[in-house]
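Q: Make a model of this:
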Amino acid sequence: MTVTHTELIEEFVNTLHQHASGDDDESLATAGELGAWLRSHGLLGRGRATQADLDHAIGLREALRTLLLANNAIDVDTPSAWAVIDETARHARIELRFLGEAPELVAAQTGVDGALGRIVVQVHAAIADGTWPRLKACRARDCEWAFQDNAKNQSRAWCSMKSCGNREKARAFRQRHIAPS
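A: Numbering: from 1, shown residues only. Have a look, this model is predicted:
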């Protein structure tokens, strides 16, 4: 199964599924799970992930989530998030290569650092082709699920109108209609 660069970013961010109940689903709870996820997406060969790799991957994932929240008009600390992306790129030794007819960015580092660098390369690809602004995280603070906003006017705010959208609209309605004491 081939995934687009935005789908890869979305799937990586969604390795943590937050729930309103607080009972979150973490797909990267161990270094072994990180290695398995990276291998299943064709990003890592035989290498093994360590606890330090897991910590770095989770930092990258949450930096990406922050940037996707910013794409959804949420006021977040984007300079810190971009700093994590930059650090990941440096660890991966991302280089511009002229191996074929068109230049491409590649992660020269091997192992988990290289695998995470390949995700950063996909961020660059999404920015370069204009799809980056359509990649967002749900505005519901107890969700923040990554999704692609395919609305014509790029106005989608929630991962799903049936769940988060309705819940947030009901919450806003209650706030507007609470009688002052």
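
Q: Other residues contacting stretch 97-110?
A: 45, 47, 91-96, 113-115, 117-118, 120-121, 124-125 (C-beta atoms under 8 Å, 6 or more residues apart in numbering). Using the backbone N, CA and C atoms, a C-beta is placed for each residue, glycine as well.

Q: right, and the helix or strand after the top helix by length along the chain?
A: In the chain, taking DSSP state H as the definition, the longest helix is helix 51-71. Next helix or strand after helix 51-71 toward the C-terminus (DSSP states H and E): helix 78-92.

Q: Any stretches of the chain with poor pLDDT?
A: Applying pLDDT under 70 to the chain flags the ranges 1-2, 19-22, 158, 160-163, 165-175, 179-181.

Q: In this structure, what residue spans correspond to strands?
A: Using DSSP state E, the strands of the chain run over residues 16-17, 25-26, 94-97, 104-107, 135-137, 146-148.

Q: Please work out which of those is packed deepest.
A: Compared across the strands of the chain, strand 135-137 shows the largest average neighbour count, a mean of 25 (mean count of other C-beta atoms under 10 Å).

Q: That one - contacts with which helices or strands?
A: Strand 135-137 makes packing contacts with helix 5-13, helix 51-71, strand 146-148 when contacts are defined by 3 or more C-beta pairs under 8 Å, 6 or more residues apart in numbering; DSSP states H and E.

Q: circling back: summarise which helices and strands the longest helix of the chain is packed against.
A: With 3+ C-beta pairs under 8 Å, 6+ apart as the test, helix 51-71 has helix 5-13, helix 31-40, helix 78-92, helix 111-129, strand 135-137, strand 146-148 packed against it.

Q: Which residues does that helix contact?
A: 9, 12-13, 15-16, 28, 30-31, 34, 49, 76-78, 80-82, 84-85, 88, 91, 111-113, 116, 119-120, 123, 132-137, 139, 144, 146.
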